Structure formats: structure tokens, C-alpha cells
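[1] show me the folded form of this:
(3 chains)
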Amino acid sequence: MHDIVRKVVSGRLERGAATTELSADRSGQAMHDFIADLYPICRSITGEGVRETLRHIQKYVPLTTCEVPSGLKVFDWTVPSEWNIRDAYIKNSAGERIVDFRACNLHVVSYSVPVHVRLNLEELKKHLFSDPDHPDVIPYRTSYYHAAWGFCVTHTQLLALKEDEYEICIDSMLEPGHLTYGDLRLLGSSSEEVLISCHLCHPSLCNDNLSGISVATALAQYLRNMDLRYSYRFVFIPGTIGSITWLALNQAHLSRIKHGFVLTCVGDAGSPTYKLSRQGNAEIDRAWTYVLKQGGEPHTIQPFSPFGYDERQYCSPGINLPVGSFMRTPHGKFPEYHTSADNLSFVKPAALRDSLDRAVAAIDVIENNRKYTNQKPMCEPKLGDYGLYSTIGGRSAGEYQLALLWILNMSDGATSLLDIAERSSLPWGTLKEAASALQSAGLVR
Amino acid sequence: MHDIVRKVVSGRLERGAATTELSADRSGQAMHDFIADLYPICRSITGEGVRETLRHIQKYVPLTTCEVPSGLKVFDWTVPSEWNIRDAYIKNSAGERIVDFRACNLHVVSYSVPVHVRLNLEELKKHLFSDPDHPDVIPYRTSYYHAAWGFCVTHTQLLALKEDEYEICIDSMLEPGHLTYGDLRLLGSSSEEVLISCHLCHPSLCNDNLSGISVATALAQYLRNMDLRYSYRFVFIPGTIGSITWLALNQAHLSRIKHGFVLTCVGDAGSPTYKLSRQGNAEIDRAWTYVLKQGGEPHTIQPFSPFGYDERQYCSPGINLPVGSFMRTPHGKFPEYHTSADNLSFVKPAALRDSLDRAVAAIDVIENNRKYTNQKPMCEPKLGDYGLYSTIGGRSAGEYQLALLWILNMSDGATSLLDIAERSSLPWGTLKEAASALQSAGLVR
Amino acid sequence: MHDIVRKVVSGRLERGAATTELSADRSGQAMHDFIADLYPICRSITGEGVRETLRHIQKYVPLTTCEVPSGLKVFDWTVPSEWNIRDAYIKNSAGERIVDFRACNLHVVSYSVPVHVRLNLEELKKHLFSDPDHPDVIPYRTSYYHAAWGFCVTHTQLLALKEDEYEICIDSMLEPGHLTYGDLRLLGSSSEEVLISCHLCHPSLCNDNLSGISVATALAQYLRNMDLRYSYRFVFIPGTIGSITWLALNQAHLSRIKHGFVLTCVGDAGSPTYKLSRQGNAEIDRAWTYVLKQGGEPHTIQPFSPFGYDERQYCSPGINLPVGSFMRTPHGKFPEYHTSADNLSFVKPAALRDSLDRAVAAIDVIENNRKYTNQKPMCEPKLGDYGLYSTIGGRSAGEYQLALLWILNMSDGATSLLDIAERSSLPWGTLKEAASALQSAGLVR
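    Numbering: from 1, shown residues only, chains lettered A, B, ... in the order given. Okay, the predicted model is just below:
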């Protein structure tokens, strides 16, 4: 089935690739700049906007672009026709563009069929969407699977419309073509994979989900320079149909995926949120929970629910992968969600950086979560003889000393370093260092 | 063993049966009126008061009256002699009835043996019971299994008694006869049964337990008009000895009982309380817990304890049925408990109605708690193709949409709708409707 | 291996043994006096101070003193040389003892090698230990396994030292000899043992751990007069090396130990603390938790951690005994810890008494925690027929009545009295009495 996919660009960096390491900038500004570059592009679940976005990511990481033909059956779904748009407007009788796609691509309902008509106000209003609760923002609407057309406007704009004859034009194309996504594999020493997924189907919306694309790209750059235990699979896909398509095409290899998470809405100023996978206590769930708890700052661990982004598909009952979702404020819980207010000023460099740091920390746990076996389980070994104990006694023990004792006490070959971390509440770095010292001393294996 | 029971009236409605549907009155007044009709009758664990009460219930539902002979051995107990009383009083030397059974039947200790003597004050006091902490109420006392006689009076009354020669008369009979109870079976499509039990042995006490009798009768009327999955067994029995007798006589059929609850003290103004069965997480326990939690109002879930009403017997270790207890303020926790203050004004129509509504809701959960299997478990099905998704995307999902997703995600053939309800916290009605729609669409089976 | 141990004094009471029953004094003063007697002795992990301490305990209970030779390999450790000290001082050039071991034995770092030198201030300071955070106390320091010498002084003292030529003398001996510990076995009807352990290696420090030695001695006296189900093993050992040595020498018999706890820091005014064993829900853990909870006063249940006193060894992964630790304020959590301020006024008679009472209560649970089987499990038995129910009904049940019902309801042969105690929250004494009455009545076995 996989050969149906045309790999247009296989694992290459764009010519004139950026030398910027997004993850090297501690301020997060480089990730914000990356978002700014992608912001103007009109993306949807298919089309040139997606391709242009992937080409930009390829300046940073050697992404493979995959093209899946319209009409392909993927589980209960069908890959849709490809949608492209050149222009769209509503002109009043004076010939003025009172609603202009070129000013803001949210103005057009995504997947609007082409139209060029003249309508009076009443007829026009049947095709207009606004949000009376937030009268000054343009809402984001779609009609992927129902042939329709429409415009999104601020509610203020809607109320100001007068009786008139309006010229409506949507210069779009909805024709058989391809669904496009990006796929990046970083090879580790094991063929077992960690899946990191973000949707790239939204037009000019920053937190949802240019933030996820930006953090995923930075994370991929960061991991590319590391010695990895696991292999990493990054997918940049249109929401829902993209993950369904990817899962359908990669069914044979899903058992490789041992951990994963979705990155969405990771750039707003809210505190971090991790939503548990359907399994609820998968290693990735426990790693994220530990990392956020250790951070010591406010955070939320959400139970799994079948509503959200692509974790819906990864966690559907027949797939059931250990894939959670990392966010800051969850989608739908911030008023700017799916409106023109989800703009460049809504996402913050520091928040992007913080999201990247936490993802790195969670991956550090997964990468180093091993099970050790104490080689001297009868009473404590005499740590001083191995250079692991201070010579003058009577003082309190430090965290490193405690880490040594915890690892020795719990390491029975079945208990992992993450189990010990959860129980002891010690920092991961200290535990890693202590485990390494004990291993060097031959006290654990 | 069962043929020892004489069924006096088998499943019939009394001649001149009431046409009132107690459950049809949303105000609860009809249930309160029902209580008022029964209030004056002097009930005990046997005797004419019980029979008269059952005849009244038979005006509403086709109850079977069962008569079990005195002396029958039931487990560790023996069916006692039948007690009846015509009159009782204490007269002072002026011949005035200063304590009069005809004024309030609580004045006589239940099961008092006949007596007609003259006593001085000191001797009389050995037979008087009052409550110094609540000096203006008549307490309720019994002596079922120890031949004795006594009067209950207010403490104020007791203190006012002067030295005198008193004439004491209790015109009672304690002779071999029968223990009487009511049994009503509503047939559902399955022979599996739901047991609903209430004690009817208390004299003029309203919350304890004319309220339970009233709500049980209304519930039976309500269910009688429904298509039922389970069969329902209502028992109106004297406390302790009644449930023990019923269990002893029905041992062979107890395995039919899949769910059950006791109804006591369901008419006071307090918030609802459900006491878990001994099993603690039986389906009925979870149904009541979910229903009270969904109600969103204050309520209490009590852990099981072996003290209470007839759940003590249903949950004895050799019986161990999944039978909980629904109450408002638990017995012994309201000051009016077992006193003359547990009268018609202490029980409230609205509280009776609320109790009925919650019982109906718990039964609705039990009746409709099925396990479904998702027929398209690989990713989400394309709900729009089945008419189960709105055509314009980008907006938040409503509860119905969430219910569809939860049922699809969790329905693996082993997870019940109640499991899903507990996890999703969605309303039962929405889940029922969504399950039905998914079944019609062929998406679950 | 055990014959390597020389038993110097086997199970005898010292000549002129005290007749004082420490546990008989409700005020705790007798236990405090016992501490005062031991306070001046300079103890360490080996040596005459330990022997003198054990001889004092032998005035109260028939302790066996065991001598283990230096150089013996015990698991990963080696029994160290024996350390004894006669005198130590620092003299200024005027010949004045400005630091004097005879004034306070904490002044010398425990296990200091002998030294007699003249040093200037700078050289001397390399061997001085003080605590800048608590400038007026002498800290306690040791150097058991690293040949060194040093003095501990108040920080005020340190700062006051002037440039001078100092004469330093430590008249100690560190030579092959023995490690000494005390072992006391009280025989019960079963050979299964309860282990009670306290460390005796600290010099003039009262809470840590003369308090533990005192409470353990009082507890042993108390139990000596009882009919016991279990056998009891009290060990008075140097910390760490003592428990490791004892475990190494008693490996073959460890499976006898069914319960146990360490007693440390049980004399300060803080509220009681029980630290769970590594198993976490061992019977002894549950007994202590129940006892402290039933006490109704503030208390702490600490999860297991591999840092602490000798429970570290008893709960090492290859040993893993059900041994917790009872304390008041845990070591390291009070500012007086390991300083000269842990003196006779820091430990309180009432706190010692309270610690003893709670240990007695926990042991009472262990001793009487049996599993019963209800002989009449079908409904409740008619308790009145066995004299176990009041004859006049209608009143609330007391705790004893509830205890009867709980035991009957739960006793299925697999559920223990402690299980019932935890679930019912009834007092242990009431449950014991009720279980005994039910057994006498033939209702449980």
C-alpha cells in the first residue's frame, strides 16, 4: 500500500538551508521568528500552502515530503480532493473589496468551492460566519467534507453591512490532487520509535498550530545532534485526515512505536498541560507527569478524553498507541482559539522555549529510563570503599547520596529508574548521575 | 419450604383500587397523602396493622400478601407470635386516662404483653420510657423478643407524675398467628431481578418508614407501565425478622437478584444519601453514585457498614447480595428519629418526589447499562457520512458529539455504558441517545 | 558462622539488678532517670562505652552480650578495630585545657586515631569541626572508616581562638578487639519473632538514641510479664555496622521475623511518626498506622525511604524484612540533632511514656490480630439469644454492639481483626472484647 505514496523530496534539506539551530536560542525568539515566516501562508488540509510550509521546515531538518493521491481509501475515510485558492473577496456595489482574502486568509471558509455571483444582503448572510460573543475577531471555519462556500467576518463587520448588491468571488480550485505531509526519521541505536506529531492544516493561526510546528522542528534539530537510544519519527500532517492517512499507510510498522506525543498550542503564556494517552499510565505518560511535577510550577495533567487533536486517532481503540498530547492552554480553552486573535503577539518566545525544554526533559527520561539490578543486595554496600561516601559522618545526606541509596534499594531488575524517580521525587539528572556512578563501581548492572 | 407460606391475596388490586398514579404528581403531594392515610395505623412486626397497611398499598399496585406461621425457624431466628392491640392506658386515681394509646400508638412499647394492674408511682416508673434530651417527644420503644410491657411518654409528662395509685391496662394479644409481608413482582424481559425492599413495621412514624413505603409504591406504579429489561421484586416487610424470613423462604432464588436497594427515611428535607452494598462496587452502587454525582447537588455516599436496616440481612456474609440503601438523612442522624416528632410535617412532598426521581434515574442506568463493540475501531469513523457530525467545522463540540466519541473510543465489548458515563461525566440521557444513534448507524453493536 | 561470636554474658541480669519496672511509672520519669544514668558514658560503635551501657541495661532485663571479633567479613563490610579513649584535650601555650574531652565527650571526633602534637592555629583548624548555623552547640562527628583525628567545638569557641602554639592530645586506642552488642529473646508460644532494634553507638546524645534504648528496655520489661503469642527479639546494636553484623550472623533465622520496628528519637516533645517498612503494607505497618490514627492526635505516617537508621539494613533489597521505624521528630528534622543540645532537658518523661504506650498498643494489635470465621453467616444471628443484645429495642447501638456486627459481617476466615479495625475505625479494645464474646458464644471460630 505504501508505494501509492509519492515521496517528492526524500530526507533532504532545502537548498540554502538555514544554519540557525532553533534550539540553541535560549530566548525562544528564533522559534518565534520561524512562526512569523510561516504565518502569512494559507494552509488547509491539502494544497500548495501545505507544500510551502514543508519546504520551509526543510530549511531546518531533512524532511521527506509525501504525496497521497485524492480518492485513496484510508480506513473509514477517503483522501479528499486538493484545494487551492488564489483570491477571494466581497465587493459592494461601489466596487470596494469590503472583505478581502488577501488581507486575511481566515476570511474564507476553508475548502470553499469556487463561486462568482451577485447577491443581495439577505442571500449573502446565509454564507457569512461571525462570533457575536467576540465581535472584533474573525472566526475560523471549515467545510472539508460538504461542498459549500462561505466567508468569515467580524461580528462588527457583519452588523455594519447595508442592503446592497454584492459581488462575491472565491477563486478556488477543488480537484483531484494530493494530500501532502512531512515525515522525518532520526535513527537511534534501536529501531523502536518515538512518534512526535503536529498538525499543519490551519491557516494564519499561530498557537494552533504554528507553535507545535516550530517546537517540533526545534526538537528535531536538537535530537539530530544526539546519540539516541530510540529512533524518532516526526510527522507534520493535516489534522484528522492526515493522521488517519499516515496510520493507514504505516499500519505494518505501528508496533515499533513505543512512546509518542502530539504537540499543539505550545506557544501561549498559559501553564503547561499534558493530556494522558488512552492507556493512561504508559511510560510516556509517567515521564511527562514526572517532568511537569519536578518543574515545581503550576501545570495540569489531563485525563485522556477522545476529543482533541490527532491523539484521537493514535488513541482510537484499534490503534491504541501510547501517545499523549503536550499543550499549554488546551485548544478551545483560550478565547483567541480559532480566531484571528491567535496571532503573532499571542504566542510568546519564552513559552515556546519552555515547551521545548519540557519536551527535551521528557525525552531525556524516556532515553535514560533503564532497569538496574543491585549486585550487593544484602544490606547496603560500603559506599565509602567505592569513593561514593563522604569520610566524615554525622551530617545530613545530600540529594546525590539519597539517589545512590534509592537506586540500590529499589533496583531489582524489574523496577525502572522512572519508578525510582516517582517514588523518591529526586531530580532526574541526579538519578542519572548516581546510576552511572553505581554502574561504574560495579554495584548495579 | 415455600409452601408453608399462605398467600392470602395473590397479585391483586384491592376492590375500589385508587386510580391515582402516585408518580404522576410532580409535586410529591400524592405520595404525602398516601403517607397520611397510613399514619394512624398501629403497625408492628406482625398483626392487623401490617395487614391493613398492605391492603392500602394494594389499592395502588397488585401486591401479594404472604402469611408465615409463628414458630417457623428462619435461619438463626424463629417467626414470633402475632401481636395485636386494642387499647391501652394509664389512669390516675381520679380515673382520668393520663396516657392513652388511642391518642398516640407510640405510647405503648411494641409487643407489650397484656397487663391490667394497679401500681404506685415507683413501681410504674420501672415500665416508663422517656427521652430526657428531648423532653417533649414520645420515644418509640420495642420489646419483640423479651416478654415485657411498658409505656413511652414525654419526659415532661414523666416529671409531672405525682405519687398516686395508677391503673395500668394494655389490652394486647401475643399468640401464635402469622408474620405478614407484601411481595410484588413486575415481569421484565429477563428473569434476573432487581430487589427493592422497605420495612413496614413501625407505627405512627412518617419518615421511618412510611416514606419508604410511599416511594416504593410510587416506583412500582411507575415501572409497571414500562417495558422492562429486568424483573422487579418489591418487598414490604417487617424490619429484620421480615427480611430474614423472606431470605430464608426464597433462598433457592436469590441468585436471580442482580441489583437491589433498601428504601428508608426518604422523605425528610435532608440531602440524599446512598449507602454502598457490602460488595462496595456493585453495579447498583456505581449507578447510584453516578446518579447522585450527576445531580450536582450535595449528597453523601456512605461506605457499607453492618448497621442499618434490612441491608444488614441482604448483605450478611452468607447472603452478600448487591443491595445498597437509599435514604435522605440516615436513621439515627435526625433528632426526630424514633420519636413522635417523626410526623406528617417532618416529611416533605418535594423530598418524596426527589427521592422517587433519583430512584427512577438509578433504575434507568441499570436498565440501559449495556456493553457495545465499536465496529470501526481503526481511527474514528467519518461521522459526517452517517449524519452524526455538523457540516461546518472549527466550532467546539457539544455534549452529544462528545458522547459519540466516548462511546466509540471505549466500546470494546467489555466496557459498559456506565463505565463510560463515570469516566466521561456526561449525562446518562445523552449517552443513551448517542449509543442508540451509533447502533442505528451500525457503528456499534 | 555464629560460633565466632563470643557470648560474654548470656541472658543474665546484673548482680544488684534494679527492681524498678520502668514501664510501671506512668509519668515516664523512671525512663528519663535511666537515660540520665547512661548520659555521661562515651559510646561509639565499639569499645568499653558500649559494654558499660549494656551492663546497665542488664540491671533491668536479662540481656545477652555478644562480642564479634574485628576483621570479620560481614556482607560488604568488615568488623572494624575496637576504639577506646581515655582522655583528649587542646591546651594553649599557657597550658590551659581550652577543649576538654572530660567536659564533653562530643568534643572528640569518634574513632579519632591517637595524636600528641603541637600545632599553630592554622594547622589546628584543619582538625576542628563547628556548626556556623548553630554557633553555641558542639556538633557530633565521626570518622569510623577513615583514619583521622579531630575535635568538635562550638562555632563561638572556634572564632575566639587566637594565634598560639597549641598542644593537642588524643589518648585513644584503635586496635583489633571486638564489636559488642546486646541481644534479648523473650519466648512466646510461637517461634515466630518480632524484632525490636535500637542503636547504642552515640555518645552523650539523649534523644538519639538513649531515648530508644530506654523505651526498648521498658518495653522488654513490660512484655516479660505477659503471655506472648510471638517471641520477641530485642537488639541493642551500633548503628549500620551493628545491624549489618547482626543480620550477617543471623541470616539462617531471618525468616522467623514476622514483624519489627526500629526505635529512635522517641523522647522529644514532637508528635509521633511511624515510617513504613519497605514492604509498605506489612501487618506491622498497618498496626502502627491504625494505632496512631486511633490515638486521634497529630501524627505522621512516612513512606519508606532508604535513608534513616537501621531499617536501611533490615529493608535492604536482599533482606527486606517487615521492619518499620517509630520516632517522634525524625532524625535530622530537629535542630538539636547530632549536637550537644540533644541533652537531658531535650527529652521529656511524658514523651518517653507516650512512645512506650504506643509501642505497647501496636504490639497488642499484632498479638491479637486473628482471623475468625462466622459460624452463622446466613443473615445475622439472633444476638439476644446469646446475651449479646439489649432487650429493649429502638435505641442507637453503642460501639460494642457495632463491633459485634462488624466482626460477624466480615469474618470469613480470610479477613483479620485488623482489617475489620481499619474498615470500622472502632477501638482495638472493643473489637478484641467483642471477638472474644462471639467466640465464647460459638458464633465465630
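[2] please count neighbours and contacts with C-alpha atoms only from this point.
    OK.
[3] which outside residues touch the top helix by length along chain A?
    Ranked by residue count, the top helix of chain A under DSSP state H comes out as helix A:349-368. Contacts of helix A:349-368 from elsewhere in the structure, counted by C-alpha atoms under 8 Å, 6 or more residues apart in numbering or on different chains, are A:23, A:26-32, A:211, A:215, A:218-219, A:228-230, A:266-269, A:272, A:283-284, A:287-288, A:291-292, A:328, A:417-418, A:428, A:432.
[4] among the residues you listed, which ones are in helices?
    Reading helices off those with DSSP H, I get A:29-32, A:211, A:215, A:218-219, A:283-284, A:287-288, A:291-292, A:417-418, A:428, A:432.
[5] quick one: the helices in chain A, in order.
    A:29-38, A:48-57, A:121-125, A:155-160, A:211-224, A:241-249, A:283-295, A:311-314, A:349-368, A:399-410, A:417-424, A:428-440.
[6] deepest in the core, which of those is it.
    helix A:311-314 (a mean of 30; mean count of other C-alpha atoms under 10 Å in any protein chain shown).
[7] tell me the helices and strands packed up against that helix.
    In this structure, helix A:311-314 packs against helix A:241-249, strand A:323-327, with contacts taken as 3 or more C-alpha pairs under 8 Å, 6 or more residues apart in numbering or on different chains; DSSP states H and E.
[8] mean confidence score for the longest one?
    The average pLDDT within helix A:241-249 is 98.
[9] again, but for stretch A:302-310
    Mean pLDDT, stretch A:302-310: 96.
[10] run through the stretch 1-150 of chain A and note the low-pLDDT ranges.
    Applying pLDDT under 70 to the stretch 1-150 of chain A flags the ranges A:1-3, A:9-10, A:12, A:15-18.
[11] can you show me the strands along it?
    With strands called from DSSP state E, counting those that start in this stretch, the stretch 1-150 of chain A shows them at A:6-12, A:63-69, A:73-74, A:77-78, A:82-91, A:97-100, A:115-120, A:128-129.
[12] give me the contacts around the second one.
    Applying C-alpha under 8 Å, 6+ apart, the external contacts of strand A:63-69 come out as A:4-13, A:54, A:57, A:79, A:176-184.
[13] pairing partners for it, with directions?
    Strand pairing for strand A:63-69, using DSSP bridges, gives strand A:6-12 (antiparallel), strand A:178-186 (antiparallel).
[14] please apply the same query to the last one.
    The strands that strand A:128-129 pairs with in its sheet are strand A:151-152 (parallel) (by DSSP bridges).
[15] so how far is the partner strand off the chain centroid?
    Chain-centre distance of strand A:151-152: 27 Å, with C-alpha atoms, centre = their mean, to the nearest Å.
[16] ditto for stretch A:20-35
    16 Å.
[17] export it as PDB, just CAs?
    Output of stretch A:20-35 as PDB, limited to C-alpha atoms (Å, rounded to 0.1, in the frame of the first residue of the first chain):
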ATOM      1  CA  THR A  20      20.000  28.500  12.600                       C
ATOM      2  CA  GLU A  21      19.700  25.900  15.300                       C
ATOM      3  CA  LEU A  22      16.300  26.900  16.700                       C
ATOM      4  CA  SER A  23      17.000  25.100  19.900                       C
ATOM      5  CA  ALA A  24      20.200  27.000  20.500                       C
ATOM      6  CA  ASP A  25      18.400  30.300  21.200                       C
ATOM      7  CA  ARG A  26      17.600  30.200  24.900                       C
ATOM      8  CA  SER A  27      15.200  33.100  24.500                       C
ATOM      9  CA  GLY A  28      12.800  31.300  22.100                       C
ATOM     10  CA  GLN A  29      13.000  34.200  19.700                       C
ATOM     11  CA  ALA A  30      14.300  32.000  16.900                       C
ATOM     12  CA  MET A  31      11.300  29.800  17.200                       C
ATOM     13  CA  HIS A  32       9.000  32.800  17.200                       C
ATOM     14  CA  ASP A  33      10.800  34.100  14.000                       C
ATOM     15  CA  PHE A  34      10.200  30.700  12.400                       C
ATOM     16  CA  ILE A  35       6.400  31.100  13.200                       C
END
